[in-house]
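> A structural model of the following input is requested.
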Amino acid sequence: MKWGLFGGTFDPIHFGHLRAAQELLEMLGLERVVFIPAFLPPHKTERVISTFEHRLQMVSLAVSDNERFDVSDVEHQRPGKSYSIDTVRYFLNSHDEKIDLYFITGQDAFDAITTWHQWEKLLSLCHFVVMTRLGYETRGLGSILPNDIAVNYVYHDLEDFFQGPQGSRIYFRKTTFLDISSSAIRQDVQQGLSVQYLVPEQVIRFMNEKNLYR
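Numbers count the residues shown, from 1 in each chain. Modelled structure (predicted):
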């Protein structure tokens, strides 16, 4: 099985998230993409985020019409901060058959990978798929990982990925650039502006029902 794990705050989820997930699913031949709202994101301490229940419901509504998209509340099932390595271990340990996990993340987040909890072990447990920014050119891993770690990765030109000593891979992939951000959506709602065509209609209805971001 080849599953993508797409974690994030999703406050709220928008078409940028959904389109990128669909493209990566097809690009990498994934069977499904599991959206995983963070319960207590370690790197999101600068602001109060919406309740987990509201964010989970918005993701569930957004992915309901795609049979290859799923949502998991696994990070709500654990106490404390939502560390990615715990989530990856959960999926690896909860399936009897062999499963290849592709951890989907943005370029800005991956550039800070060395600040992640047990990041070296995490890189060995699953493949990483890094969504690159517009105009990004692969710089190699030396500018992101410490040199003594980066030198252990071999670049495979034909398939365009870096492979680590334990077989895990790092992919840098461009997806259609949609200049949409959750923070801008929250700001638009606060100002009474429309977010139609930025967020799925069913999510907009939920936001209005719960009076979110006003």
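> quick one, helices of the chain?
With DSSP state H, the ranges of helices along the chain come out as 15-28, 52-63, 84-93, 107-111, 119-125, 147-150, 182-190, 201-210.
> which residues does the fifth one contact?
Residues external to helix 119-125 that are found in contact with it (C-beta atoms under 8 Å, 6 or more residues apart in numbering): 84-85, 88-89, 92, 101, 103, 113, 116, 149, 164, 166, 168, 170. Heads up, the C-betas are built off the backbone N, CA and C, glycines and all.
> before we move on, the earlier item: looking at the helices of the chain, which is nearest to Val34?
With respect to Val34, and counting by C-beta to C-beta, the nearest of the helices of the chain is helix 84-93 at 7.8 Å.
> in that closest one, which residues are buried?
By neighbour count on 16 or more other C-beta atoms under 10 Å, the buried set for helix 84-93 is Ser84, Ile85, Asp86, Thr87, Val88, Arg89, Tyr90, Phe91.
> kindly report the same for stretch 25-43.
Across stretch 25-43, burial judged by 16+ other C-beta under 10 Å covers 25, 28, 30, 32-41.
> circling back: in a markdown table, list the buried residues of helix 84-93 along with distance to Glu201 and pLDDT.
Putting those into a markdown table (distance: C-beta to C-beta, whole Å; pLDDT from 0 to 100) gives the following:
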| residue | distance to Glu201 | pLDDT |
| --- | --- | --- |
| Ser84 | 31 | 95 |
| Ile85 | 36 | 96 |
| Asp86 | 34 | 95 |
| Thr87 | 29 | 96 |
| Val88 | 33 | 97 |
| Arg89 | 36 | 96 |
| Tyr90 | 32 | 95 |
| Phe91 | 31 | 96 |
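> turn the residues you listed into JSON lines, including distance to Leu122.
Shown next, in JSON lines, are the buried residues of helix 84-93 (distance: C-beta to C-beta, whole Å):
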{"residue": "Ser84", "distance to Leu122": "6"}
{"residue": "Ile85", "distance to Leu122": "4"}
{"residue": "Asp86", "distance to Leu122": "10"}
{"residue": "Thr87", "distance to Leu122": "10"}
{"residue": "Val88", "distance to Leu122": "6"}
{"residue": "Arg89", "distance to Leu122": "9"}
{"residue": "Tyr90", "distance to Leu122": "13"}
{"residue": "Phe91", "distance to Leu122": "13"}
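> dump the residue contacts of Val199.
Counting by C-beta under 8 Å, 6+ apart, Val199 touches Pro12, Ile13, His14, Phe15, Ile185, Met207.
> any of these buried? List them.
Buried by 16+ other C-beta under 10 Å: Pro12, Ile13, His14, Ile185, Met207, out of the contacts of Val199.
> contacting residues for the third one?
Contact criterion C-beta under 8 Å, 6+ apart gives Ile180, Ser181, Ser182, Ile185, Leu198, Val199 as the residues in contact with His14.
> can you count the residues close to the second one?
By that I understand Ser181. 12 (other C-beta atoms under 10 Å).
> quick check: which ranges of the chain have low pLDDT?
43-46, 134-139 (pLDDT under 70).
> hmm, try it at 90
Residues of the chain meeting the criterion pLDDT under 90: 40-48, 77-82, 94-98, 133-140, 142-143, 177.
> report the outermost residue of it with respect to its centre.
Gly192 (28.5 Å; C-alpha atoms, centre = their mean).
> this completes my enquiry, with thanks.
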